[in-house]
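Student: no sequence on hand, only this structure:
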């Protein structure tokens with residue numbers, strides 16, 4: 001019987017070594033067959049953690065006990081929050097949206113009488129796009145794509161700006177790690 005906390009200690013140690021592995025950048029898949037002996041020094045129990053392999057080279061690990069896929073690049077849209085993007089855009093548009101805007105005074109934007117024709121048109125178009133997306137039960141990416149196809153009046157310019165913003169979200173993703181292991185008691189094995 002292992003000492004209470006043995007499993008948790010192994011999990012924490014595993015996190016440490018996994019972090020070290022992820023810090024190294026790899027350009028090709030890594031295949032290996034780790035073979036580890038773990039001993040609980042308080043109870044004296046020993047365990048062997050060994051790779052499960054197959055000679056056919058099948059499965060997610062391609063027949064090895066461990067496989068790390070090569071690092072890849074991917075876009076992470078949350079790196080640039082939609083709220084930040086919209087805030088910057090609206091801040092630039094306020095002089096065009098608010099008639100006779102004076103930065104020293106506070107406008108009551110909840111009162112539609114203070115909305116310019118451009119603001120009213122923008123709200124109407126947003127509401128129509130939301131209604132259309134809801135009626136068609138579209139996913140977020142599909143919503144934007146459909147809207148641009150059907151309604152965008154400046155699609156090329158919008159796409160160019162979105163591409164520039166999207167390029168800012170490109171990041172390197174550490175390759176996935178897959179393991180196939182078996183754990184056996186290691187009684188009688190040499191240390």
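Tutor: In hand now; what should we look at? Since the structure is predicted, the reported quantities are computational estimates derived from the model, not experimental observations.

Student: who touches residue 51 in this structure?
Tutor: 32-35, 64-66, 179-181 (C-beta atoms under 8 Å, 6 or more residues apart in numbering). Every C-beta, even on glycine, is put in place using the N, C-alpha and C of the backbone.

Student: of those, which is the most crowded?
Tutor: residue 64 (22 neighbours; other C-beta atoms under 10 Å).

Student: wait, that one touches residue 31, no?
Tutor: Yes - in this structure, residue 64 is within contact of residue 31 by C-beta atoms under 8 Å, at 4.4 Å.

Student: for stretch 161-172, which outside residues touch it?
Tutor: 25, 71-80, 85.

Student: repeat for stretch 130-139
Tutor: 142-143, 146-147.

Student: let's see it at 10 Å
Tutor: 140, 142-147, 150-151 (C-beta atoms under 10 Å, 6 or more residues apart in numbering).

Student: could the contacts of residue 51 go into TSV alongside distance to residue 51?
Tutor: Compiled in TSV, the contacts of residue 51 are given as follows (distance: C-beta to C-beta, whole Å):
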residue	distance to residue 51
32	8
33	4
34	6
35	7
64	7
65	2
66	6
179	8
180	7
181	6
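
Student: spatially central residue in this protein, please.
Tutor: residue 76 (5.6 Å; C-alpha atoms, centre = their mean).

Student: who's in contact with that one?
Tutor: Residue 76 touches 166, 169-171, 173, counting by C-beta under 10 Å, 6+ apart.

Student: if we use 7 Å, what do you get?
Tutor: Going by C-beta atoms under 7 Å, 6 or more residues apart in numbering, residue 76 touches 169, 171.

Student: can I assume residue 43 sits in a helix?
Tutor: No - under DSSP: H, G, I helix; E, B strand; the rest coil, residue 43 sits outside any helix and is assigned coil.

Student: any idea how far it is from residue 36?
Tutor: Look at residue 43 and residue 36: by C-beta to C-beta, to the nearest Å, they are 18 Å apart.

Student: how about residue 165?
Tutor: Relative to residue 36, and taking C-beta to C-beta, residue 165 is found at 45 Å.
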